[in-house]
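K.L.:
requesting a structural model of the entry that follows:
(2 chains)
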There are 2 protein chains.
Amino acid sequence: MAKEITSREQDYSQWYIDIVQKANLADHSAVRGCMVIKPNGYAIWENMRDQLDRMFKDTGHVNAYFPLFIPKSFLSKEAQHVEGFAKECAVITHHRLMNDPNGGGVIVDPSAKLEEELIVRPTSETIIWDTYRTWINSYRDLPLLINQWANVVRWEMRTRLFLRTAEFLWQEGHTAHATKAEAEQETLTILDIYAKFAEEWMAMPVIKGIKTANERFAGAVETYCIEALMQDGKALQAGTSHFLGQNFAKAFDVKFSNENNEQEYVWATSWGVSTRLVGGLIMTHSDDDGLVLPPKLAPTQVVIVPIPKPAAEIDEAAEKLMRELKANGIRVKYDTDMKSRPGFKFAQHELVGVPIRLGIGSRDLANGQVEVARRDTKEKSNQPIDGIANYIIRLLDEIQQNLFDRSVKFRAEHTTEVDNFDDLKSVLDSKGGFVSAHWDGTTETELKIKELTKATIRCIPLDNESERGACVLTGKPSVQRVLFARAY
Amino acid sequence: MAKEITSREQDYSQWYIDIVQKANLADHSAVRGCMVIKPNGYAIWENMRDQLDRMFKDTGHVNAYFPLFIPKSFLSKEAQHVEGFAKECAVITHHRLMNDPNGGGVIVDPSAKLEEELIVRPTSETIIWDTYRTWINSYRDLPLLINQWANVVRWEMRTRLFLRTAEFLWQEGHTAHATKAEAEQETLTILDIYAKFAEEWMAMPVIKGIKTANERFAGAVETYCIEALMQDGKALQAGTSHFLGQNFAKAFDVKFSNENNEQEYVWATSWGVSTRLVGGLIMTHSDDDGLVLPPKLAPTQVVIVPIPKPAAEIDEAAEKLMRELKANGIRVKYDTDMKSRPGFKFAQHELVGVPIRLGIGSRDLANGQVEVARRDTKEKSNQPIDGIANYIIRLLDEIQQNLFDRSVKFRAEHTTEVDNFDDLKSVLDSKGGFVSAHWDGTTETELKIKELTKATIRCIPLDNESERGACVLTGKPSVQRVLFARAY
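P.N.:
The predicted structure follows:
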């Protein structure tokens, strides 16, 4: 029941956990740091995946699949990459179990030690660029525009369902190009896809920006990102798109012969979003009664509840309405549970975030109307049953837009310009959100501010205006503001 | 070029490898036993996955995702399961790498040894039933009809692209039921879905049957399967559906309270098909010129080749035709390559198995016709351009049916009844295929026959007629014939 959800005001972290667990989205597993994505949560991820997949394919990308395992030595080949990823990871050292001769169950067979340890992929640049070496010979083999949907593992010490787990699901694009300009363009094309998906599908406004050198992906020349703002005023990095230059081509010796038959190193990008987006979706829209989902990603968009329970004439009206809605591509369900009372059902459908609930009783039918309840505003109204399908189709769009608009409004109210360090700190400590401030451009200052405030530079927004100012910490000159925030 | 493919007659194994590699379906990777599924191969798997997923959902199943890792001790909980799966598997013993203090790159950090080793899942019954314990309390929680699309790892010594690899992609269904009858029905419902998918989508005829005790899944009470026949006369197990009884419920203590409020163990099934199906698809239909794909699964169903190369009036006719075909849901491409000659393109499209190729030249247009080439029969004909879209739609159905019919015919010609051991052996040594013979029902005889002939009992067909006879090896009484074959 929705009643059991901790309120956001009382304890935001517990509120998040309550929603994830009580709406049956995910749960912890017997394996440390790994989550089980339950059917309700997986259905949201499937809708995200399907739409992103369409957007990737519409821009010429194809899917492939590369090995789960990476030879340990591959990680060492790109100097920065190894620093970033050869740390906490799952290491496979043996390939066989055996019965314990002392009767203690199964044990690792010491004779089955691998010559070289394998790492469960934390990201696949190394194994993919090792493969690309054999695929790319000539400019005619380029560009390679490949994406992979996969699981990856990073041995995180502190985990949080969806937001940070040891194993997570994601897509990772890895493209290869003949020119620097083309690879840079690809990086931005994907950033635009991510931003469009976040805003138009998740109804989650994002800021497109560039990461500072300190926050850059290990092995990248430039990391672009989309940053969102959660209801507790903390930022969430929702997706990254990396321009890798020729770093991986050089590390794995991937060259092509250009049109003049000269050998050149290949230019690369990589980019990814993950099941973390489900966490972002939850935290952007949900309320103290449970999950709130944007209609475009809701596994069930409309639920019809018979009042007080299924009956012949109500069933008939519901079936007719379902046919009409399904014909319009709307995901609709009829709640045929005979045992629960309407009030219980209402709370359950609110908890799992169904955008529209229709209540139909015999008296409603006699009056030629149905009760329409919106999940986002909790408004209820009686609507004529004639033309109700069209009304619902319009209302789903309206709900989608409303969720986006109110998130944009929230972000605007939680973005503050400050011009000195005390203000930076006090805004972060009070209302949180994005704080726009001048910074002298050095990693040293960035780290010092992080140490003092727990806030990081989320990004340098792409649409930044140049503005001369003084760094809030050092007073040194700055040419533009950057966005600070505490982040997930 | 298709010319480089070894003929089936010359070397069937090499023919298979040539098709997989030259049609860019998959390749070996730097990691022993793991394959890279290339875009052409992955597109076929995506089409398979999408259709199977629709069929599972249409029968009430939902998707979820469980951890990649399984604690070592879980494998020991089901006595038979541990024998089958706690052997060759990837064992994770550490969770961190570190820089070698002696400068030798990265090494395993000895201080990061796991208390209990983790196994990369070879199949997920154990981790899933451990989870179900917390999900199932009452009969109202049942049935649970859950499927997972995932990667799994079995450390195979001898690998073959798609057919047997250390890592492969699959779906694994894991359902929980209140009664034995319901679980048995589920097992058969899935077997029917697998058979329907194999026959109607892959155009690959299959025999539905029951595995002998010896070939049963480790931990199952009964294993059902679909068995297909490849062009070299070897059988391929294409999918399995297991009735698990209460074995896993007992091993993981999963009980529910029934309507009388009594505690009972839950009944279970599990079932799976994998990327092995891509191997089966290749070997069922392809020929010495390359891949042959059934239209329903072909990533590209129709390719339009301009003769001799793109030109304004041909482009215009092609665009119009593509619009018509796409409006009918047909996957069509226009070959706009300016550099290659038509003959080269024809061979390429044949190699990758596009079911229909249309050749359009200026003279064709003047004559109001196009050249239609079928991949399955290699027949070419000139067809009027008026109404060509409808002709193509019908022809795709005809090709799908023809591939199925000719595979049924091949199987019929390669299924032989024998009544003594010499005939069993000589049929297996000469034409191969399925050999229908009497067997005394003992594992001992089954293993002896395997030792003498390299053939296994593929299944006891579900539609078997009872027929009294004598075992071909022992002469002991038998009540029905079973199907022997050498198998992949």
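K.L.:
ranges for the helices of the stretch 351-488 of chain A?
P.N.:
Secondary structure of the stretch 351-488 of chain A, counting by DSSP state H, counting those that start in this stretch: helices at A:362-366, A:388-413, A:421-429, A:443-453.
K.L.:
now do the shortest one: everything it contacts.
P.N.:
Pointing back at helix A:362-366 there. A:307, A:311, A:313-314, A:317, A:370-371, A:382, A:385 (CB atoms under 8 Å, 6 or more residues apart in numbering or on different chains). The way it works is simple: take the backbone N, C-alpha and C, and place the C-beta from them, glycine included.
K.L.:
I'd like the residues you listed laid out as TSV, including pLDDT and neighbour count.
P.N.:
Output for the contacts of helix A:362-366, formatted as TSV (pLDDT from 0 to 100; neighbours: other CB atoms under 10 Å in any protein chain shown):
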residue	pLDDT	neighbour count
A:I307	95	18
A:A311	91	14
A:E313	94	13
A:I314	95	21
A:A317	94	20
A:V370	96	24
A:E371	97	16
A:N382	97	13
A:I385	93	19
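K.L.:
which two in the residues you listed are spaced the farthest apart?
P.N.:
Put simply, by CB to CB the two of the contacts of helix A:362-366 set farthest apart are A:A311 and A:N382, 19.3 Å from each other.
K.L.:
burial check on A:E264, number of neighbours?
P.N.:
15 (other CB atoms under 10 Å in any protein chain shown).
K.L.:
could you find the closest non-adjacent residue to it?
P.N.:
A:N258 (5.4 Å; CB to CB, 6 or more residues apart in numbering or on different chains).
K.L.:
now do A:A455
P.N.:
A:F484 (4.5 Å).
K.L.:
could you tell me how many residues sit around the one you found?
P.N.:
By other CB under 10 Å, the residues close to A:F484 number 27.
K.L.:
that one contacts A:I449, doesn't it?
P.N.:
Yes - in this structure, A:F484 is within contact of A:I449 by CB atoms under 8 Å, at 7.1 Å.
K.L.:
where do the contact lists of those two overlap?
P.N.:
Contacts common to A:F484 and A:I449, judged by CB under 8 Å, 6+ apart, are A:424, A:455, A:457.
K.L.:
how about the secondary structure of the spatially most central residue of chain A?
P.N.:
Central residue of chain A (CA atoms, centre = their mean): A:L277, 1.9 Å from the mean position. Here A:L277 takes the helix state, with states given by DSSP: H, G, I helix; E, B strand; the rest coil.
K.L.:
now do the helices in chain A.
P.N.:
Counting by DSSP state H, one finds helices in chain A at the ranges A:12-22, A:39-58, A:72-75, A:79-85, A:125-135, A:180-196, A:247-251, A:276-285, A:312-327, A:342-351, A:362-366, A:388-413, A:421-429, A:443-453.
K.L.:
list the helices and strands the third one packs on?
P.N.:
Helices and strands touching helix A:72-75, as assessed by 3 or more CB pairs under 8 Å, 6 or more residues apart in numbering or on different chains; DSSP states H and E, comprise helix A:79-85, strand A:113-120, helix A:125-135, strand B:106-108.
K.L.:
tell me the most buried of these?
P.N.:
When the helices and strands packed on helix A:72-75 are scored by mean count of other CB atoms under 10 Å in any protein chain shown, the highest mean neighbour count falls to helix A:125-135 (a mean of 23).
K.L.:
thinking again about what came up before, name the stretch among the helices of chain A that sits most buried.
P.N.:
The most buried stretch of the helices of chain A, if neighbours are counted by mean count of other CB under 10 Å, is helix A:276-285, with a mean of 25.
K.L.:
what angle do it and helix A:12-22 make?
P.N.:
Per axes from the mean of the first three to the mean of the last three CA atoms, to 10 degrees, the angle that helix A:276-285 makes with helix A:12-22 is 120 degrees.
K.L.:
and helix A:276-285 with chain B, contact?
P.N.:
No - Helix A:276-285 stays clear of chain B (CB under 8 Å from any CB of the partner chain), getting no nearer than 11.3 Å.
K.L.:
A:T445 is in contact with A:A470, correct?
P.N.:
No - the pair A:A470 / A:T445 is not scored as a contact, 11.8 Å apart, by CB under 8 Å.
K.L.:
which residues are common contacts for the two?
P.N.:
A:K476.
K.L.:
report the beta-bridge partners for A:I107.
P.N.:
Judged by DSSP bridges, the bridge partners of A:I107 are A:M98.
K.L.:
that one touches A:L97, doesn't it?
P.N.:
Yes - the pair A:I107 / A:L97 is scored as a contact, 6.7 Å apart, by CB under 8 Å.
K.L.:
the helix or strand of chain A with the lowest mean pLDDT packs against which elements?
P.N.:
Each helix and strand of chain A was given a mean pLDDT (mean pLDDT, DSSP states H and E); the minimum falls on helix A:79-85 at a mean of 78. Applying 3+ CB pairs under 8 Å, 6+ apart, we find helix A:79-85 packed against helix A:72-75, helix A:247-251.
K.L.:
ok, A:S257 touching A:Q263?
P.N.:
Yes - applying CB under 8 Å as the test, A:S257 and A:Q263 come out as touching, 5.8 Å apart.
K.L.:
neighbour count: these two, which is higher?
P.N.:
A:S257 (15 against 8).
K.L.:
so who does the more buried one touch?
P.N.:
A:137-139, A:263-264.
K.L.:
out of those, which sit inside strands?
P.N.:
A:263-264 (DSSP state E).
K.L.:
and which of the contacts of A:S257 is nearest to A:E9?
P.N.:
A:E264 (58.4 Å).
K.L.:
what residues does the stretch 151-300 of chain A have near chain B?
P.N.:
A:151, A:153, A:155, A:167, A:169.
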